[in-house]
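Undergrad: any chance you can model this:
(2 chains)
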Amino acid sequence: MATALAKTTDADTGTSVEYAARIEHVSKSFAGPAGQQLVLDDITLDVAPGEFVTLLGASGCGKSTLLNLVAGLDKPSAGGISTDGRPALMFQEHALFPWLTAGKNIELALRLRGLPKSDRRARAEELLELVRLKGAYGKRVHELSGGMRQRVALARALAQDSQLLLMDEPFAALDAITRDVLHDELTRIWRETNVSVLFVTHNVREAVRLAERVVLLSSRPGRIAREWTVDIPQPRRIEDSAVADLSVEITEQLRGEIRRHGQH
Amino acid sequence: MASTETSAGKTEAETDPVEDKSAGNGGDLAGLEAGLDALDAVQTRRAPFRRTFVEKIFPPMVAVALVLVIWQVLVWAKVTDSYKLPAPSAVWDEVQEAWLEGTLLEYIWTSVSRGLLGFLMALVIGTPLGLLVARVKFVRAAIGPILSGLQSLPSVAWVPPAVLWLGLNDSMMYAVILLGAVPSIANGLVSGVDQVPPLYLRAGRTMGATGLRGTWHIVVPAALPGYLAGLKQGWAFSWRSLMAAEIIASSPDLGVGLGQLLENGRTANSMPMVFLAILLILIVGIAIDLLIFSPLERWVLRSRGLLVKN
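TA: Predicted structure coming up:
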């Protein structure tokens, strides 16, 4: 379900179609108090190599569930997901291991990926430099601020050398100033590394600030309601008027989706 | 300058302004980030010895002194017969006598060496047992409840069967220690594993740490604080079990440990000797905890930022 499927050939045209993730007609239901509850309904979505896609939705749209499915932490009830290798996943909480230093956290990812011991230290230092935490190698997790932790977590995710980076509201718990800075960082790193990103958020501005494509999910069950291509040139700022304009439009649609749940 | 470059080629014109902006931004961003990091940095510093002394060492010294004073006052007030409540000085004489005879350290060493060796054996058995119970569902369902139930069984109950099975010798002592300490150590590890935040397991799985690799890289280190708490309790149980065994099972071949000393005091009707034995049992138990387990636990907790300083 992974690498072998990553490069399929389109039979009609004979050209090679590449994608970082392909989600095809995926549905997911969980056993709830009222029987089976459908959380995701027939989701079809491709993430192209190097593409930055945000999944946007209100609570109950199943966006985290979808991310778990893509990460392989859970199996879809129907449909198929294929990714180019094992995706890296970043959580809202930093999920760094407190018994390891920042550098050793990154080295663990390198080790699990199979990088020989002799190369790990240098690569970990490199990744820390990429997230601008050059001196943090020996720092314990609790000695780092929230923003620094998320940057180490990003470096650890990048250490997996995956083609696809899944991010589950990674900046939701940060203060606004730090979040703003990390948006700039993420954009810079995405452009430098050429990794594909599937980024989940409920923050419309954040979605527009970061993405090339914004996918709006409706709630209960989660369905793809609409997609926008964001062609505002990077680097953007969250306060740019173009970002604001598109955010207003998307928010309108999102509110419409939410309102439907109030009507019976 | 910018305009000449823009006219140079279409592709450059498209990318250049963006790159320029990001380079300028990059410098700003690095500075901004360095500022944020400096503002948010968490300062950790070890307390100076003076403060440690005033906050940690001085209070228990006061408590001990107070107990001694009350004890002496009770003796002076003659609340009871002197053979029931010996004066602190009488107990001190007993200490000196044992020290001069050279038997004091022998008593202590006999018990401590037994206790530590028994504890180490319990560690070797209890650790894999705990891992097995924690990770294998069937094993947990089968012996989990028995294992936690065993903790509430006073280990002194094991002395009679151990004597019958193994006779009056050292192996009987070790058997009693093992039956007392193994459940504690295994249970500590089980609750340590149970309390591993699911987030760590998920993070580990996305990094490819599954199965045995997951156990080694994620579960074991994450469960370490609970495991250490179990070890601490395991030592307390080892020591208690050993004392019970030594008091009940006396034989000249066994050598005089602290429990035996206590029993000898009773048969000799010597309250100072009984007091001496009780004090030594208490002091050794506290000392091992203070010298081995507490530093280990504090080191693990501190390195994870779990030790809150007020």
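
Undergrad: what secondary structure does residue A:165 sit in?
TA: strand (DSSP: H, G, I helix; E, B strand; the rest coil).

Undergrad: no, scratch that, I was asking about residue A:46
TA: Counting by three-state DSSP, the backbone at residue A:46 sits in strand.

Undergrad: list the contacts for it?
TA: A:19, A:21-23 (Cβ atoms under 8 Å, 6 or more residues apart in numbering or on different chains). C-betas here are computed from N, CA, C, even on glycine.

Undergrad: 6 Å instead, please
TA: Residues counted as contacts of residue A:46 (Cβ atoms under 6 Å, 6 or more residues apart in numbering or on different chains) are A:19, A:22.

Undergrad: give me the beta-bridge partners of it?
TA: residue A:22 (DSSP bridges).

Undergrad: distance of it relative to residue A:196?
TA: Distance, residue A:46 to residue A:196, using Cβ to Cβ, to the nearest Å: 10 Å.

Undergrad: could you do residue B:291 as well?
TA: Taking Cβ to Cβ as the measure, residue B:291 falls 55 Å from residue A:196.

Undergrad: neighbour count: these two, which is higher?
TA: Neighbour count, other Cβ atoms under 10 Å in any protein chain shown: between residue B:291 and residue A:196, residue A:196 has more, with 24 against 10.

Undergrad: show me how chain B divides into domains.
TA: B:2-40, B:86-303 (automatic domain parsing).

Undergrad: any chance of these in JSON lines, plus mean pLDDT and distance to residue A:102?
TA: Shown next, in JSON lines, are the domains of chain B (pLDDT from 0 to 100; distance: least, Cβ to Cβ, whole Å):
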{"stretch": "domain B:2-40", "mean pLDDT": "54", "distance to residue A:102": "12"}
{"stretch": "domain B:86-303", "mean pLDDT": "89", "distance to residue A:102": "13"}
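
Undergrad: quick one, which of these gets closest to residue A:159.
TA: Smallest distance to residue A:159 across the domains of chain B (Cβ to Cβ): 8.6 Å, for domain B:86-303.

Undergrad: that closest one near chain A at all?
TA: Yes. Applying Cβ under 6 Å from any Cβ of the partner chain, one finds domain B:86-303 in contact with chain A at B:199, B:203, B:206-209, B:221.

Undergrad: report the two of those separated the most.
TA: Every pair of these checked by Cβ to Cβ; the farthest is B:206 and B:221, at 17.4 Å.

Undergrad: give me the more crowded residue out of the two.
TA: Comparing residue B:206 with residue B:221 by neighbour count (other Cβ under 10 Å), the higher total belongs to residue B:206, at 26 against 18.

Undergrad: residues contacting that one?
TA: Residue B:206 makes contact with A:71, A:89 under the criterion Cβ under 6 Å, 6+ apart.

Undergrad: quick check, the residue in chain B closest to chain A?
TA: residue B:305 (2.4 Å; Cβ to the nearest Cβ).

Undergrad: pull out the buried positions in stretch A:30-46.
TA: Within stretch A:30-46, the residues that count as buried by 16 or more other Cβ atoms under 10 Å in any protein chain shown are A:38-41, A:43, A:45.

Undergrad: so which of those residues are also by chain B?
TA: Within those, nothing lies near chain B by Cβ under 6 Å from any Cβ.

Undergrad: looking at those, which are in strands?
TA: In this view, the buried residues of stretch A:30-46 that belong to strands under DSSP state E are A:38-41, A:43, A:45.

Undergrad: as a markdown table, these with pLDDT would be great.
TA: Below are those laid out as a markdown table (pLDDT from 0 to 100):
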| residue | pLDDT |
| --- | --- |
| A:38 | 84 |
| A:39 | 83 |
| A:40 | 85 |
| A:41 | 86 |
| A:43 | 85 |
| A:45 | 88 |
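
Undergrad: can I get those residues in TSV with distance to residue B:48?
TA: Below are those laid out as TSV (distance: Cβ to Cβ, whole Å):
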residue	distance to residue B:48
A:38	62
A:39	56
A:40	57
A:41	63
A:43	59
A:45	59
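
Undergrad: these: which two are farthest apart?
TA: Farthest-apart pair in those is A:38 and A:45; separation 17.4 Å (Cβ to Cβ).

Undergrad: what's the local residue count around residue B:78?
TA: By other Cβ under 10 Å, 9 other residues sit near residue B:78.

Undergrad: next one: residue A:132
TA: By other Cβ under 10 Å, 20 other residues sit near residue A:132.

Undergrad: do the same with the one 3 residues further on
TA: Using other Cβ under 10 Å, residue A:135 is surrounded by 10 other residues.

Undergrad: shouldn't residue A:225 be within a helix?
TA: No. Residue A:225 sits outside any helix when classified using three-state DSSP, being strand.

Undergrad: residue contacts, it?
TA: Residue A:225 is in contact with A:216, A:218, A:257, counting by Cβ under 6 Å, 6+ apart.

Undergrad: circling back to that earlier point, from the ones in strands among the buried residues of stretch A:30-46, pick the one nearest chain B.
TA: Distances from chain B to those, taken by Cβ to the nearest Cβ, are shortest for residue A:39, at 17.8 Å.

Undergrad: which residues touch the closest one?
TA: Residue A:39 makes contacts with A:28, A:30, A:62, A:65, A:221, as judged by Cβ under 6 Å, 6+ apart.

Undergrad: what distance do you get for the closest residue in space to it that isn't next to it in sequence to chain B?
TA: Take residue A:39 and drop its neighbours on the chain: the residue closest to it by Cβ to Cβ, 6 or more residues apart in numbering or on different chains is residue A:62, 4.2 Å away. Separation of residue A:62 from chain B (Cβ to the nearest Cβ, to the nearest Å): 17 Å.
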